[in-house]
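Q: Have a look; sequence and predicted model below, questions after that.
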Amino acid sequence: MSGEKMSSAARACSLLLQTLGPRDRFGIVAFDDRTEWMGAAPRQRGSSEAWMLMQPRRGSASTAGGRMRP
């Protein structure tokens, strides 16, 4: 995914993070040919948004790479 679709997804994720309560937890997964994830509590929302926005837009995906790890 790239371009406007990626920008829209990032904005949607950012809006979602703003709705979290103090006891909520979340995880963000970025994947293409490798998988990176960030899990955190709402108090870390700012650093999570920065991490998400800094992920490179490589435009390819491995279906195995996107699976959540146990």
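A: Thanks, I have it.

Q: which residues of this structure score low on pLDDT?
A: Scanning the chain with the threshold set as pLDDT under 70 gives 1, 32, 37-70.

Q: go again using 50 as the cut-off
A: Across the chain, the ranges flagged by pLDDT under 50 are 66, 70.

Q: C-terminal to the helix ranked longest in the chain, what's the next element?
A: Longest helix of the chain, by residue count under DSSP state H: helix 3-18. Following helix 3-18 in sequence order, the next helix or strand is strand 26-31 (DSSP states H and E).

Q: Run me through the strand neighbours of that following strand, direction for each.
A: strand 35-40 (antiparallel) (DSSP bridges).

Q: Please determine how far residue 19 is located from residue 13.
A: In this view, residue 19 and residue 13 are 11 Å apart by Cβ to Cβ, to the nearest Å. Heads up, the C-betas are built off the backbone N, CA and C, glycines and all.

Q: got it, and residue 4?
A: 15 Å.

Q: Compare those two (neighbour count), which wins?
A: Each of residue 4 and residue 13 has its neighbours counted (other Cβ atoms under 10 Å); residue 13 has more, 15 against 8.
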